[in-house]
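*Asks:* Got a sequence here, can you model it:
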Amino acid sequence: SDLNPQAPMVVPGTPTGVTLDVISATELRVLFGPPSDNGGDTITQYLVEWSTNINFSNAESDTLDYLAGGAPFFKTISGLLTGIHYFVRVCAKNSQGFGISQVTTPRSLNPHQKPAPPTNVKLGVTSDTMLTVSWNTPSSNGGDVITNYR
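*Replies:* Numbering: from 1, shown residues only. As a prediction, the model looks like this:
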């Protein structure tokens, strides 16, 4: 009888170095590396999932199939709503199926852009050595909280 021993194969481990960046007011980008454990077989695909819910109950997804360029891999997620926080996770696939997902660091981000300028800006002379500036909030915050003015 012919015996062809084979290494046992299982699904791959979690992708490594999974990070999330804001690209624009409607786009986020996830970057990641291959799992430290490929499960005994070649990684053939990555699944990127994103959701506005932390439990991914309404998740959308896309796959990354071109892996020849090598790590780090990245996927730009487009068509997102400005200012809404999205949670993102990635899992790897080999011949045995998809492994466990790894959530990004940070865990969520909100696509945003620079805010509009302040409105109704006024400069007043308070004294010989002091000026007073007043303004109203911008017409758009760009999708994120305005934390300071300069």
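
*Asks:* okay, now Thr19: neighbour count?
*Replies:* For Thr19, the count of nearby residues is 15 (other CB atoms under 10 Å). (Glycine included, C-beta is placed from N, CA and C.)

*Asks:* any idea what it is structurally, helix, strand or coil?
*Replies:* Using DSSP: H, G, I helix; E, B strand; the rest coil as the criterion, the local structure at Thr19 reads strand.

*Asks:* That one and Phe73 touch, don't they?
*Replies:* No - in terms of CB atoms under 8 Å, Thr19 does not count as a neighbour of Phe73; the distance is 11.4 Å.

*Asks:* Mutual contacts of these two, please.
*Replies:* Counting by CB atoms under 8 Å, 6 or more residues apart in numbering, the shared contacts of Thr19 and Phe73 are 31-32.

*Asks:* Report the beta-bridge partners for Val90.
*Replies:* The partner list for Val90 in beta bridges (DSSP bridges) reads Val48, Gln102.

*Asks:* again, but for Gly33
*Replies:* According to DSSP bridges, the residues that bridge with Gly33 are Thr16.

*Asks:* Now do the contacts for it.
*Replies:* By CB under 8 Å, 6+ apart, the contact list for Gly33 reads 15-17, 71-73.

*Asks:* Dihedrals phi and psi, Val145?
*Replies:* Reported as degrees, to the nearest 10, the phi and psi values for Val145 are phi -70, psi 130.

*Asks:* cool, Val121 as well?
*Replies:* Dihedral angles of Val121 (phi, psi; degrees, to the nearest 10) stand at phi -70, psi 130.
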